[in-house]
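Asker: Dropping a prediction and its sequence here:
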Amino acid sequence: MRSSKSRSRNKNRNNRPSGGNIINRVFDSSGPDGKVRGTPQQIIEKYNQLHRDAVLSGDRVDAENFAQHAEHYTRLLAEAQREVEAKREEQEEQNRQRQAERDRERQDRLKAQEAAANDPSQSDQPDVVDAAGEPESGLVDTPEEKPRRPRRPRKPRTNPDEGNTPEAAE
């Protein structure tokens, strides 16, 4: 029977992300001179430096080996950059299409608003009042023409200190 430790180790191994962003991903490269660790760009720089050192020391075999390692990571990086560029261009094309659709919708709305503003049948019409029984004069009643109710005269003010008689003011 398996222990729970080995099961958890297997689970972790199976859940590793595959692929992903290769440009920023950290690789372990096992070269002839030991492990080289870093992003593809860092590994390329390291192998190119090792290649130059091997050429200066006169070791053509190691120099060729380092050059091939650098070339491998150069191809890996170039392919990843092409994929990123293709995704970016696809995204930009989608954005352009969405913007063009929004512009068309905006133009349609503006045309509809202009048509509504220019069409008198769509504009607000005044209310029609049926004046049954009144002779039609062709004039419109305005608030100024309405008869006013007569105002009542004011009651004189009374001062509570002087009493209720208005004649006390003499």
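Answerer: Received it, and whenever you're ready, just let me know what you need.

Asker: Asp28 belongs to a strand?
Answerer: Yes - applying DSSP: H, G, I helix; E, B strand; the rest coil, one finds Asp28 inside a strand.

Asker: when you give positions from now on, start the count at 770
Answerer: I'll keep to 770 as the first residue from here, and by that count the last item is Asp797.

Asker: For the nearest residue to it once chain neighbours are set aside, what are phi and psi?
Answerer: Sequence neighbours aside, Arg806 is the residue nearest to Asp797 in space, at 5.2 Å (criterion: Cβ to Cβ, 6 or more residues apart in numbering). Every residue, glycine included, has its C-beta placed from N, CA and C. For Arg806, the backbone dihedrals are phi -120, psi 140 (criterion: degrees, to the nearest 10).

Asker: now the strands for the chain?
Answerer: Ranges of strands in the chain, per DSSP state E, are 796-800, 803-807.

Asker: Any idea which of those strands has the lowest pLDDT on average?
Answerer: Lowest mean pLDDT within these: strand 796-800, a mean of 82.

Asker: just checking, what packs against that strand?
Answerer: In terms of contacts (3 or more Cβ pairs under 8 Å, 6 or more residues apart in numbering; DSSP states H and E), strand 796-800 is packed against strand 803-807, helix 809-826, helix 829-887.

Asker: how far away is Leu846 from Ile812?
Answerer: Distance of Leu846 to Ile812, given as Cβ to Cβ, to the nearest Å: 9 Å.

Asker: Compare these two and say which is more crowded by neighbours.
Answerer: Comparing Leu846 with Ile812 by other Cβ atoms under 10 Å, the one with more neighbours is Ile812, at 24 against 17.

Asker: The more buried one touches Ser798, doesn't it?
Answerer: Yes - applying Cβ atoms under 8 Å as the test, Ile812 and Ser798 come out as touching, 5.3 Å apart.
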